[in-house]
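> Quick one, fold the following:
(one chain, ligands or ions: 1)
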Amino acid sequence: MQKFIPVVVIKEMSETDKILTALKKSNIMCAEITFRTACAAEAIEYASKNYPDMEIGAGTVINAEQCEAALAAGATFIVSPGFSPSVAKICVDRNIPYYPGCVTPTEIMAALEYGITTVKFFPANVYGGLKALKALSAPFPQVKFIPTGGVDRSNIDEFLAFDKVAAIGGSFFVKEALEKLAE
Ligand code: 3PG
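Below you'll find the model as predicted:
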């Protein structure tokens, strides 16, 4: 998996090329295109076809229907803000990486029951940040985290320094890449 997972919101299909080109130019070869907009599935399909060197996944997937739409569009990984048993089942059955949002021991245990050992930690800044990750890692040494939500340049390094952090997610990667593109 990629170390940096930009959380991408595509409001209009016409934005897709600009955002993906900007990410590539910033050496971010991945995009989590979120199901927060009507064109999410279409954008995933377009991105998968036109940016084959990038890892294109779906984010904000909150039910089985969205998961099916994301996979049909070509998403190679699925992210949820919370844990969805129905999404977990689909992904495990088809061998698709699924990163559910888990911030409590109970949620982590639910993910583990599906064999999922890498989870999104969201919103990272609200649920205790690095301190919480370290505390959760004591009972769950097999679990890796993707802190997301409130992560930016000011705190990314402290998360990256922790060996249980598999990757970092955030919308700031997109913002930074677009700013760099405009320079
Ligand atoms: C997400 O869905 O992962 C978040 O909206 C990302 O949070 P951020 O905008 O604080 O990075």
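
> Residues of this protein that sit close to the ligand?
Applying CB under 6 Å from any ligand atom, one finds that the chain approaches the ligand through 7, 59-60, 81, 122, 148-151, 169-172. (C-beta placed from N, C-alpha, C; glycine too.)

> distance of residue 51 from the ligand?
Separation of residue 51 from the ligand (CB to the nearest ligand atom, to the nearest Å): 20 Å.

> Over to residue 76?
18 Å.

> before we move on, what about residue 87?
As for residue 87, its distance to the ligand is 15 Å (criterion: CB to the nearest ligand atom).

> same check, this time on residue 67
Distance, residue 67 to the ligand, using CB to the nearest ligand atom: 16 Å.

> again with residue 53
With distances taken as CB to the nearest ligand atom, residue 53 is found 23 Å from the ligand.

> Kindly report the same for residue 100.
According to CB to the nearest ligand atom, residue 100 and the ligand sit 12 Å apart.

> ok, now which ones touch that residue?
Shown in contact with residue 100 (CB atoms under 8 Å, 6 or more residues apart in numbering): 79-80, 82-84, 87-88, 107, 111, 116, 119-120.

> still on that earlier bit, quick check, nearest of the residues of the chain next to the ligand to residue 95?
Relative to residue 95, the closest of the residues of the chain next to the ligand is residue 59; by CB to CB it sits at 19.3 Å.

> what about that closest one, neighbour count?
28 (other CB atoms under 10 Å).

> would you say residue 139 is within a strand?
No. Counting by DSSP: H, G, I helix; E, B strand; the rest coil, residue 139 is not part of a strand but coil.

> Of the residues of the chain next to the ligand - the most surrounded one?
Using other CB under 10 Å as the neighbour criterion, residue 59 leads the residues of the chain next to the ligand with 28 neighbours.

> For it, give me its contacts.
7-8, 32-35, 79-80.

> Which one of those residues is nearest to the ligand?
residue 7 (4.3 Å; CB to the nearest ligand atom).

> just the strands in this protein please.
For the chain, strands defined by DSSP state E occupy the ranges 4-8, 30-34, 55-59, 78-79, 98-99, 118-121, 144-147, 168-170.

> can you put these in CSV and add mean pLDDT?
Output for those, formatted as CSV (pLDDT from 0 to 100):
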stretch, mean pLDDT
strand 4-8, 98
strand 30-34, 98
strand 55-59, 98
strand 78-79, 98
strand 98-99, 98
strand 118-121, 98
strand 144-147, 98
strand 168-170, 98
